[in-house]
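Student: Fold the following and give me the result.
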Amino acid sequence: MEGAVTAEQYLRFWHPTTNRETGLEVSQVGQVVAAAEKALELYREAGVEDFPGLSLWRGKDIPEDSLNIGVSLDSWVLIHTNEDFWQTVTRSTDHPGGPLRRVIFDDSLEISARCFIDRDLAIEAIAHWLNGNGLLDAANFSEDLDSE
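Tutor: The predicted structure is shown next:
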């Protein structure tokens with residue numbers, strides 16, 4: 001899972017109270033995980049109940065074929081944007097649904113709890129995508145972005 005990719009990817013996330021962007025180049029899934037954990041810690045320290053969102057792009061100015069990542073303690077949501085800007089989202093096969101969870105990217109987005117998958121599976125899906133292998137089938141990406 002820690003394999004390097006051939007090109008640098010660009011990862012960004014936003015501070016929970018100032019909305020200041022933090023951006024960095026990444027080439028390994030471990031760097032993405034470290035940034036996600038840092039963002040989650042910033043949210044906890046700020047006492048913010050929303051979840052941090054990270055955007056992972058193929059390059060600093062290349063929003064197509066990107067992953068947006070919503071991070072909670074034990075589950076993450078992945079939203080993929082393809083070359084035509086069509087989006088798909090992960091779906092848990094064993095989550096009963098529940099309330100919407102608010103994730104803060106550069107703006108807030110409410111996402112069904114059903115879209116959050118196991119953290120380890122999400123990390124595996126990110127590594128798969130980082131290595132140029134597309135979307136991981138086991139992450140159950142769906143075009144159904146709105147249903148709870």
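
Student: For the protein, which segments count as helices?
Tutor: Using DSSP state H, the helices found in the chain span residues 29-46, 119-130.

Student: which regions of the protein lie under the pLDDT threshold?
Tutor: Applying pLDDT under 70 to the chain picks out residues 1-7, 95-97, 145-148.

Student: Out of the helices of the chain, which gets nearest to Ser142?
Tutor: helix 119-130 (13.2 Å; C-beta to C-beta). For every residue, glycine as well, the C-beta is placed using N, CA and C.

Student: will you turn the helices of the chain into a markdown table that also has mean neighbour count?
Tutor: Listed next are those as a markdown table, based on neighbours: other C-beta atoms under 10 Å:
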| stretch | mean neighbour count |
| --- | --- |
| helix 29-46 | 17 |
| helix 119-130 | 20 |
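
Student: Take the ones you listed and lay them out in TSV including distance to Asp74.
Tutor: Output for the helices of the chain, formatted as TSV (distance: least, C-beta to C-beta, whole Å):
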stretch	distance to Asp74
helix 29-46	11
helix 119-130	6
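
Student: wait, which of the ones you listed is closest to Ser108?
Tutor: Among the helices of the chain, helix 29-46 sits nearest to Ser108 (C-beta to C-beta), with 12.6 Å.

Student: how far does the closest one sit from the chain's center?
Tutor: 11 Å (C-alpha atoms, centre = their mean, to the nearest Å).

Student: and the direction of that helix versus that of helix 119-130, what angle?
Tutor: 130 degrees (axes from the mean of the first three to the mean of the last three C-alpha atoms, to 10 degrees).

Student: Give me the helices and strands touching helix 29-46, please.
Tutor: Here helix 29-46 touches strand 9-14, strand 21-26, strand 51-57, strand 66-71, helix 119-130, going by 3 or more C-beta pairs under 8 Å, 6 or more residues apart in numbering; DSSP states H and E.

Student: Other residues contacting the last one?
Tutor: Pointing back at helix 119-130 there. 1-3, 5, 9, 26-29, 32-33, 56, 67, 69, 73-78, 80, 90, 117, 134-136, 138-139 (C-beta atoms under 8 Å, 6 or more residues apart in numbering).
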